[in-house]
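Visitor: Please find the sequence and the predicted model below.
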Amino acid sequence: MKKVILIITLLPSFLFLSACSDEQNDTNKSIVKPSTMNSAVEMDAFVSMTEDARIQVSGTSNLPDNTELLITVINYKLNYRAQDKTIISNGEFSAGPFGKNGPLEFGDYSIEVVMPVSSVQPKEVQEIIGDSGQYLKGNGVVDSLFAGNVVEKTFNYTVK
């Protein structure tokens, strides 16, 4: 009889603990982990001239929205260097216009589009590309030696 009383006393506690345990497991299953970058990085960029002969750099990329980019326009012969920050939104970005308060001088310019290291990216971007950019792959992905992978695209443009 003592065994029956003991079982009847302990059974509700056991059922309660079991129910709590199942609820916790269901909660853990419902947490959605953000997806990681599983395709090669794609980035296209091009230059357009504004009406006042300055240049605008625009492009597309499959990097996550809110990824921060740094656009640099350089002409070594003219000792010209300008930078602008931008973010990717709906797969597109745009920076500029570049020009010293007016038209750019004729010459050859180097345009650099760089996604800086992951540690300076917003948290939601880091979750997709990795905390050191380890999920980035493809052409243009470069190991920055000390801080993981970055993305770089460089091309030339001539102002005539």
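Guide: Nice, thanks for sending it over.

Visitor: Stretch 65-85: how far from the chain's middle?
Guide: Stretch 65-85 sits 18 Å away from the centroid of its parent chain (CA atoms, centre = their mean, to the nearest Å).

Visitor: what's the first-to-last distance across it?
Guide: 14 Å (CA to CA, to the nearest Å).

Visitor: So which residues make contact with it?
Guide: Residues from elsewhere that reach stretch 65-85 (CB atoms under 8 Å, 6 or more residues apart in numbering): 55, 57, 61, 86-91, 93, 95-96, 98-100, 104-105, 107-116, 120-122, 124-125, 129. Quick note: C-beta positions are derived from backbone N, CA and C, even for glycine.

Visitor: Find me the pLDDT at residue 79, would you?
Guide: Listed pLDDT for residue 79 reads 94.

Visitor: Distance check, the residue nearest in space to the middle of the chain against residue 116.
Guide: Central residue of the chain (CA atoms, centre = their mean): residue 67, 3.5 Å from the mean position. For residue 67, the distance to residue 116 equals 10 Å [CB to CB, to the nearest Å].

Visitor: Roughly how far does residue 40 sit from residue 146?
Guide: Per CB to CB, residue 40 is found 24 Å from residue 146.

Visitor: Would you mind telling me which of the two has more residues around it?
Guide: A side-by-side neighbour count of residue 40 and residue 146, using other CB atoms under 10 Å, places residue 40 first with 12 against 7.

Visitor: hang on, the more buried one packs against residue 151?
Guide: No - counting by CB atoms under 8 Å, residue 40 stays clear of residue 151, with 10.8 Å between them.

Visitor: Can you list the strands that the lengthiest strand in the chain pairs with?
Guide: Ranked by residue count, the top strand of the chain under DSSP state E comes out as strand 149-159. If you go by DSSP bridges, strand 149-159 pairs up with strand 107-115 (antiparallel), strand 141-143 (antiparallel).

Visitor: Could I get the average pLDDT for the first one?
Guide: In this model, strand 107-115 has an average pLDDT of 97.

Visitor: Give the buried residues for that strand.
Guide: For strand 107-115, burial by neighbour count (16 or more other CB atoms under 10 Å) applies to 109, 111-115.

Visitor: The shortest one now?
Guide: For strand 141-143, burial by neighbour count (16+ other CB under 10 Å) applies to residue 141.

Visitor: which residues are contacting whichever helix or strand residue 95 is part of?
Guide: Assigned by DSSP states H and E, residue 95 falls within strand 92-98. Contacts to strand 92-98, defined as CB under 8 Å, 6+ apart, come from residues 50, 52, 54-61, 69, 71, 73, 82, 84-87, 104.
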